[in-house]
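In: All I have is the shape, not the residue letters:
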């Protein structure tokens with residue numbers, strides 16, 4: 001099920017995006033249909049800006065400890081820092 005942004009959420013996201021001129025989302029969820037996808041749609045309609053998403057990329061879930069799974073799917077501080085560096089290099 002896709003994330004649904006409230007008007008208040010959308011307003012706050014757009015305010016922040018306009019200040020930073022880029023956006024990074026990070027979530028323990030599938031990339032497609034997740035929060036990042038909803039924010040991408042919002043930005044495309046209202047404020048086209050560079051966006052990077054840190055999320056599970058079209059993969060079935062597996063068993064393991066939370067730390068093992070976060071590492072396997074690249075949902076860690078290294079992935080977030082890399083996404084921030086990448087998106088900042090693309091902003092205007």
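Out: That came in fine, so what should we check first? Note that the structure is a prediction, hence the values are computed from the model and not measured.

In: So which residues of this structure form strands?
Out: For the chain, the strands defined by DSSP state E occupy 23-30, 51-56.

In: want to throw those into CSV with mean pLDDT, distance to residue 88 and mean neighbour count?
Out: Bear in mind the C-beta positions are built from the backbone N, C-alpha and C, glycine included. Formatted as CSV, these follow (pLDDT from 0 to 100; distance: least, CB to CB, whole Å; neighbours: other CB atoms under 10 Å):
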stretch, mean pLDDT, distance to residue 88, mean neighbour count
strand 23-30, 94, 9, 18
strand 51-56, 96, 9, 21
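
In: closest one to residue 8 among those strands?
Out: strand 23-30 (17.2 Å; CB to CB).

In: Just the angle for the closest one relative to strand 51-56, thanks.
Out: Angle of strand 23-30 versus strand 51-56, following axes from the mean of the first three to the mean of the last three CA atoms, to 10 degrees, is 20 degrees.

In: Can you tell me which helices and strands strand 23-30 packs against?
Out: helix 7-20, helix 35-46, strand 51-56, helix 77-90 (3 or more CB pairs under 8 Å, 6 or more residues apart in numbering; DSSP states H and E).

In: change it to 10 Å
Out: Strand 23-30 sits against helix 7-20, helix 35-46, strand 51-56, helix 66-72, helix 77-90, with contacts defined as 3 or more CB pairs under 10 Å, 6 or more residues apart in numbering; DSSP states H and E.

In: Tell me which of these is the most buried.
Out: strand 51-56 (a mean of 21; mean count of other CB atoms under 10 Å).

In: Sheet-wise, list the partners of it with their directions.
Out: Strand pairing for strand 51-56, determined by DSSP bridges: strand 23-30 (parallel).

In: okay if I get the strands of the chain as TSV plus distance to residue 72?
Out: TSV is the format used below for the strands of the chain (distance: least, CB to CB, whole Å):
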stretch	distance to residue 72
strand 23-30	12
strand 51-56	10
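
In: Pretty sure residue 53 sits against residue 33.
Out: No - with contact defined as CB atoms under 10 Å, residue 53 does not reach residue 33; the gap is 11.6 Å.

In: Right, I'll leave it there.
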